[in-house]
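**Student:** starting from these lines, generate the structure:
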Amino acid sequence: MFRSARRRRRLALIAQLVAMVLAVGAAVTVVAEGPGVPPDRLTADEIGPPLVAGPLPPSTDPSPTATATAASPSPSPSPSPVLRMPGAVPTAGTGRFGHDDRTGPVLGRSGELRRYRVAVESGSNEDIAAFAQAVEVALAGPGSWVDSGRLRLQQVPGDAPRDFTVYLATARTAGRMCSEGGVDIRIGGRPYTSCRAPGQVIINLDRWRLSVPHFVSAGVPLAVYRTYVVNHEVGHQLGHRHERCPGAGRPAPVMMQQTLFLNGCRVNPWPYVDGRRYAGPAL
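**Tutor:** Predicted coordinates for the structure are as follows:
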């Protein structure tokens, strides 16, 4: 009888140990597979809804090290967003451009189709495929010009018929091209902003890599500035003129000169907000 009682106690103890092991394993699994926090998303108070573009980084299966870290009571800090690119920026290139030879998807659901090509100046040290992809993301939205339902956009190869070209040019070349198109982009004697000339959307390499001081000091990701500058200059190509801030604390219209100032408005890279055309008073 005593032997039978001891055996029952041992079986009960073994059952409790097995239950504890399973419970701990389940807890670790839940923590390791929980959703992560996007590392570069601004809060609504910083830029308003929905104002940040760009895909989130893909998730990966946790390694044993990652699982142990996830189960730790001290979470790892999220990486800071990229505000500007490090390193020197070439001030001058060759003046010659290479064109992306790919055909992109049609952006937009209906309306007139306008075709564009993408070109990067030789000597700028920029990858043309990466620039073309960033331009496509900006023009695809949601929130871009194609959200009107009356416009579609498509990238075409360099030798194909097109309505306009999106150029990435060093400051010196951008200054020359803009001047030839009747636009002076100099601030303090140096080519500073980007511009639109007839059939040409000209993005200044300095701004593409460095953003602008008031965006950087506010912690606005470089990807947001890039989306803004593409939509702003393409907006000029589509016939839109500069606009003013509609009121302190409100999102800035995309056709406002956000590269130079915000005047109390909040950063906004999109011409459409919450599915509606968002504009400010004419400048």
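**Student:** all helices for the stretch 151-283 of the chain, in order.
**Tutor:** 171-180, 205-210, 213-217, 222-237 (DSSP state H, counting those that start in this stretch).
**Student:** so which of those is nearest residue 273?
**Tutor:** With CB to CB as the measure, helix 222-237 is the member of these nearest residue 273 (11.9 Å). Where you see a C-beta, it was placed from the backbone N, CA and C, and this is true even at glycine.
**Student:** figure out how far the closest one is from the centre of its chain.
**Tutor:** With CA atoms, centre = their mean, to the nearest Å as the basis, helix 222-237 stands 10 Å off its chain's centre.
**Student:** same thing with stretch 100-116?
**Tutor:** With CA atoms, centre = their mean, you get 20 Å for stretch 100-116.
**Student:** which stretch among the helices of the stretch 151-283 of the chain comes nearest residue 135?
**Tutor:** helix 222-237 (5.6 Å).
**Student:** the closest one - what's its average pLDDT?
**Tutor:** For helix 222-237, the mean pLDDT works out to 98.
**Student:** just checking, what packs against it?
**Tutor:** In terms of contacts (3 or more CB pairs under 8 Å, 6 or more residues apart in numbering; DSSP states H and E), helix 222-237 is packed against helix 128-140, strand 164-169, strand 195-197, strand 200-204, helix 205-210.
**Student:** how about JSON lines for the ones you listed, with distance to residue 158, mean neighbour count and mean pLDDT added?
**Tutor:** Formatted as JSON lines, the helices and strands packed on helix 222-237 follow (distance: least, CB to CB, whole Å; neighbours: other CB atoms under 10 Å; pLDDT from 0 to 100):
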{"stretch": "helix 128-140", "distance to residue 158": "10", "mean neighbour count": "20", "mean pLDDT": "98"}
{"stretch": "strand 164-169", "distance to residue 158": "8", "mean neighbour count": "24", "mean pLDDT": "98"}
{"stretch": "strand 195-197", "distance to residue 158": "18", "mean neighbour count": "20", "mean pLDDT": "98"}
{"stretch": "strand 200-204", "distance to residue 158": "14", "mean neighbour count": "24", "mean pLDDT": "98"}
{"stretch": "helix 205-210", "distance to residue 158": "19", "mean neighbour count": "22", "mean pLDDT": "98"}
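**Student:** looking at the ones you listed, which is closest to residue 274?
**Tutor:** Of all those, helix 128-140 comes closest under CB to CB, at 17.4 Å.
**Student:** for that closest one, packing partners?
**Tutor:** Contacts defined by 3+ CB pairs under 8 Å, 6+ apart place helix 128-140 against strand 112-121, strand 151-155, helix 222-237.
**Student:** mind listing residues that contact the first one?
**Tutor:** Right, strand 112-121. Here strand 112-121 makes contact (CB atoms under 8 Å, 6 or more residues apart in numbering) with 93-100, 106, 126-128, 131-132, 135, 150-158, 160-170, 173, 201, 205.
**Student:** tell me how far the closest residue to residue 97 other than its chain neighbours lies from residue 126.
**Tutor:** In space, and not counting its chain neighbours, residue 97 is closest to residue 119: 4.0 Å by CB to CB, 6 or more residues apart in numbering. The gap separating residue 119 from residue 126 is 11 Å, by CB to CB, to the nearest Å.
**Student:** now do the shared contacts for the two.
**Tutor:** With CB under 8 Å, 6+ apart as the test, residue 119 and residue 126 both reach residue 168.
**Student:** quick one: end-to-end length of stretch 200-220, please.
**Tutor:** Stretch 200-220 stretches 27 Å from its first residue to its last (CA to CA, to the nearest Å).
**Student:** where's it relative to the chain centroid, distance-wise?
**Tutor:** 12 Å.
**Student:** kindly report the same for stretch 129-145.
**Tutor:** Offset of stretch 129-145 from its chain centre (CA atoms, centre = their mean): 9 Å.
**Student:** ok, stretch 160-175 next?
**Tutor:** In terms of CA atoms, centre = their mean, the centre of stretch 160-175 is found 20 Å from the chain centre.
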